[in-house]
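[1] sharing a sequence plus its predicted fold:
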Amino acid sequence: MITIKKVFGGVDVPGKKELSKDCPIEFAGIPGEVVLFLSQHTGAPSNPIVKPKDKVLRGQMIAEPQGTVSAALHAPTSGVIKAIEPRFHPVQARMADAIILQPDGEHVSDESVKPLASDLEDLTPEAIRTIARQMGLVGLGGAAFPTAVKLAPPENKPIDTYLLNGAECEPYLTADQRLMTEEAEKVIFGFRAFMKASGASRGIVCIEDNKPDSIEAMKRAIQPYSEIELAVLTSRYPRGGEKQLIQAVLGREVPPPPGLPLDVGVIVSNVGTAYAMAESILEGLPLIERIVTVTGEGVAKPSNFKALIGTPLSFLIDKAGGFNGTPRKVIMGGPMMGAALRDTNVPIVKGTSGILVFNVDQVVEEPILPCIRCGKCVDVCPMRIQPLWIAAYSERGLMEQAENARAMDCCECGACAFACPAKRPLVQWIKLAKAEITAMRRA
Amino acid sequence: MDDKLLITPAPHISSVKTVRGIMLDVVISLLPATLAGIIIFGIRSLQLVLASVIAAVAAEAIYQKVAKKPVTVNDMSAVVTGLLLALTLPPDAPIWIPIIGSAFAIIVAKQIFGGLGTNFVNPALAGRAFIVAAWPLHMTQDWLNPMTHDAITGATPLAVFNNTGTTSLGVKDLLLGLRAGSLGETCIIALLAGGIYLIARDVIDWRIPVGYLGTLALGTWIFGSPNGFFQGDWLSGILLGGAVLGSIFMATDYVTSPVTPTGRFYMGVGAGIITLLIRVWGGYPEGVTYAILFMNLVTPLIDKYVVPKYYGYMHDIQARKAAAGGGTK
Ligand code: SF4
Ligand code: SF4
């Protein structure tokens, strides 16, 4: 049993997991149109290798990675390429190139979709990394960093511990919880592949204590493997942030940006990514589907779906029984870090863990008041920076001062703005400062 | 339907805490002490409290109307200021005293500096300091006897204590507030109840009152007796006068105290030291007002130098050490 170290800051958020935590994962079905952005991962956009009118099969590669930090893209179902054209990207909030696929409804798999191995003994670390790259794997926890790159740490920075992140500290979301409960063995298989590829000798599965069903299932799944341990964390947001997890479980702190977990010998991956790794090896299935929680007081039947990447939100909301009342806000991701969307006619991307619909009652429309210097934002910031000053500098255009106040350290968790009694949009100001500072540094 | 969707930045949920809710909590926490003041010193106290609160709210509304700013009396902060000011007054003060004091507190100390959040001294204490300077006799002589409500001439128990290091009052009387003093400062039990409420509701940081009263107690024990060091009556030292009221309700004012926990502790300790200096060596019987006002002015400095150690700072220290080590080779 791992003793959890004290972590500074954080906030108690209303979990709201009960809306969907007991809903088994269902296949959402094949939508009328699938929209696949060339950029849905960190790094260079992928490069299309199909053209309009081409017929494609499920699992067939349709865009290849460009450069090391990039990811391949595959057709989630069989059909015809309709176009390659700009569409509104829900995460980047701008128009971006996408491959538009018209499904034929047959869902016929490409011949490449077949088991690659059933035993990790048969795979070298190199082979695992190649599979991760071939299959377009990216981190499914949100940042969508290409997995193959993560699994190849530089020689001079050996990895001793691999953390499997099943904390799922964002309220409402239950995709990871369901996956761990239903597919524990596959998740652990994928996790072991990660450990082997990275050379980590110790693995720790990290879960918040509000998911007893997942804890039970994962405990059983790791039984045969003495190198894997379980860490049960008390629920508090943002426990599942990469840096906070490393701090809580290992007592290590990652160096400030551009420092990475591998600087302290650690890699963290999300349970969804581990599952995708297992599917890649065991079924030969690229990353073409993922688990998405469709929830919130504004949907009729909160659900956990296995959905094709590129499925429109409107399709998934319909599958979840449609709206429950008049929607006021639709959010892609969780309520703490997700992005509000203008309409539901946009697709999910590889990093989409949830779709959240709020009615008027759930939407905070408090007036923004001047800062009363209560220090609550300072008390809760897990990066131990002082949001009130950084936001104030940013608001007045003082970007150098914002940088000196360590704006770049902010992980955008939103704990400060959540806690602020004056309801100040602190994260928005800090994000602006980060963007300006990055631009300044480039210049 | 879709075009009515709201776009706002994350996070999309928020804690239930609001500025108004916090101010309301402060008002609630002050009710026991206010009630105690009315019981101990009579109906006169109620008149002072009402005059003070109404004047504070009216001053804020009128100023904001005239200055063509949004009227923010709804945030309840003016109510808190008016109430706090009233609690620091001698119970027999004339009714115009709190009216002028509240108006000064709100207009000069708060609104001219931009309103809630940008004022740099505690408005209630600034209002009090102003009336002490302008009408010193009312503020130092208008005392009443507890329960009998007749006027007292002569020194307050705190003044006697400062000179002699002793008091004729028992601890029980001190805790219940059965002594002459400002109308809201005497009933320690009521003040502590309010303080515990505020700490439990996570409104104030315990470090300020604990740092303040702890320092004052320690200092009174060491220096507070004319017979020599380490013989002072530390308990009476914190229970007499306005230290309990000031440390729980005034020094903890968000706007004018530091934003970090460590900084807040320093604020408390600093105010304790200054109170002690004024009481033991100064010519003025009570030091709480000026101690807190002084620490209000020091707060920006504390906030500048007391900064939390950011996540991962140890790596930067190591890197700096390594760089320094490399330089000497
Ligand atoms: S929580 Fe809000 S009001 Fe309080 S100090 Fe931070 S920014 Fe100011
Ligand atoms: S400043 Fe950044 S890291 Fe700190 S609480 Fe706010 S969003 Fe989170």
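    Yep, it's here. Numbering: from 1, shown residues only, chains lettered A, B, ... in the order given. Ligands and ions are numbered 1, 2, ... in the order given.

[2] list the helices and strands whichever strand or helix holds A:Lys306 packs on?
    A:Lys306 belongs to strand A:303-308 when elements are defined using DSSP states H and E. Identification of packing neighbours for strand A:303-308 by 3 or more CB pairs under 8 Å, 6 or more residues apart in numbering or on different chains; DSSP states H and E yields strand A:25-27, strand A:289-295, helix A:313-319. C-betas here are computed from N, CA, C, even on glycine.

[3] deepest of the ones you listed, which one?
    Of all the helices and strands packed on strand A:303-308, strand A:289-295 has the most neighbours on average by mean count of other CB atoms under 10 Å in any protein chain shown, namely a mean of 27.

[4] what does that strand contact?
    Residues from elsewhere that reach strand A:289-295 (CB atoms under 8 Å, 6 or more residues apart in numbering or on different chains): A:16, A:19-20, A:25, A:28, A:76, A:140, A:172-176, A:178-179, A:272, A:275-276, A:302-309, A:316-317, A:319-320, A:348, A:350, A:352-357.

[5] who does it pair up with?
    Taking DSSP bridges as the criterion, strand A:289-295 forms sheet pairs with strand A:303-308 (antiparallel), strand A:354-359 (parallel).

[6] right, and those strands - which one's nearest A:Gly240?
    Counting by CB to CB, A:Gly240 lies closest to strand A:354-359 out of the strands paired with strand A:289-295; the figure is 13.4 Å.

[7] tell me the average confidence for that closest one?
    Here strand A:354-359 scores 96 as its mean pLDDT.

[8] how far off centre is it?
    Centroid displacement of strand A:354-359 relative to its chain, using CA atoms, centre = their mean, to the nearest Å, is 17 Å.

[9] who does the next helix or strand after it touch, helix- and strand-wise?
    The first helix or strand that comes after strand A:354-359 along the chain, using DSSP H and E, is helix A:376-380. Counting contacts by 3+ CB pairs under 8 Å, 6+ apart, helix A:376-380 is packed against helix A:387-395, helix A:415-419.

[10] how about these in JSON lines, adding mean pLDDT?
    Below are the helices and strands packed on helix A:376-380 laid out as JSON lines (pLDDT from 0 to 100):
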{"stretch": "helix A:387-395", "mean pLDDT": "97"}
{"stretch": "helix A:415-419", "mean pLDDT": "97"}
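
[11] among these, which is the most enclosed?
    It is helix A:415-419: most buried of those by mean count of other CB under 10 Å, with a mean of 28.

[12] for chain A, what's the longest helix?
    As assigned by DSSP state H, the longest helix anywhere in chain A is helix A:426-442.

[13] and stretch B:152-164, how far from the chain's centre?
    For stretch B:152-164, the distance to the chain centre is 22 Å (CA atoms, centre = their mean).

[14] could you list the buried residues of it?
    B:Ile152, B:Ala155, B:Thr156, B:Pro157, B:Leu158, B:Ala159, B:Val160, B:Phe161, B:Asn162 (16 or more other CB atoms under 10 Å in any protein chain shown).

[15] CA-only coordinates of it, as PDB, when you get a sec.
    C-alpha atoms of stretch B:152-164 as PDB (Å, rounded to 0.1, in the frame of the first residue of the first chain):
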ATOM      1  CA  ILE B 152     -18.200  56.700  34.700                       C
ATOM      2  CA  THR B 153     -15.600  59.400  35.100                       C
ATOM      3  CA  GLY B 154     -12.100  58.200  35.500                       C
ATOM      4  CA  ALA B 155      -9.800  55.700  33.900                       C
ATOM      5  CA  THR B 156     -10.900  52.500  32.200                       C
ATOM      6  CA  PRO B 157      -9.800  49.200  33.500                       C
ATOM      7  CA  LEU B 158      -7.300  49.000  30.700                       C
ATOM      8  CA  ALA B 159      -5.700  52.300  31.600                       C
ATOM      9  CA  VAL B 160      -5.300  51.200  35.200                       C
ATOM     10  CA  PHE B 161      -3.900  47.900  34.000                       C
ATOM     11  CA  ASN B 162      -1.300  49.500  31.800                       C
ATOM     12  CA  ASN B 163      -0.100  51.600  34.700                       C
ATOM     13  CA  THR B 164      -0.200  49.100  37.500                       C
END
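
[16] quick one on the thing from earlier: out of the helices and strands packed on helix A:376-380, flag the one nearest ligand 1.
    Ligand 1 lies closest to helix A:387-395 among the helices and strands packed on helix A:376-380, at 3.9 Å (CB to the nearest ligand atom).

[17] check whether the closest one contacts ligand 1.
    Yes: figure legend: helix A:387-395 in contact with ligand 1 (CB under 6 Å from any ligand atom); contacting residues A:Pro387, A:Leu388.

[18] by contact count, what packs against that helix?
    Secondary-structure packing of helix A:387-395 (3+ CB pairs under 8 Å, 6+ apart): helix A:376-380, helix A:399-404, helix A:426-442.

[19] okay if I get these as JSON lines plus distance to B:Arg179, mean pLDDT and mean neighbour count?
    Listed next are these as JSON lines, based on distance: least, CB to CB, whole Å; pLDDT from 0 to 100; neighbours: other CB atoms under 10 Å in any protein chain shown:
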{"stretch": "helix A:376-380", "distance to B:Arg179": "37", "mean pLDDT": "96", "mean neighbour count": "25"}
{"stretch": "helix A:399-404", "distance to B:Arg179": "50", "mean pLDDT": "95", "mean neighbour count": "17"}
{"stretch": "helix A:426-442", "distance to B:Arg179": "46", "mean pLDDT": "95", "mean neighbour count": "17"}
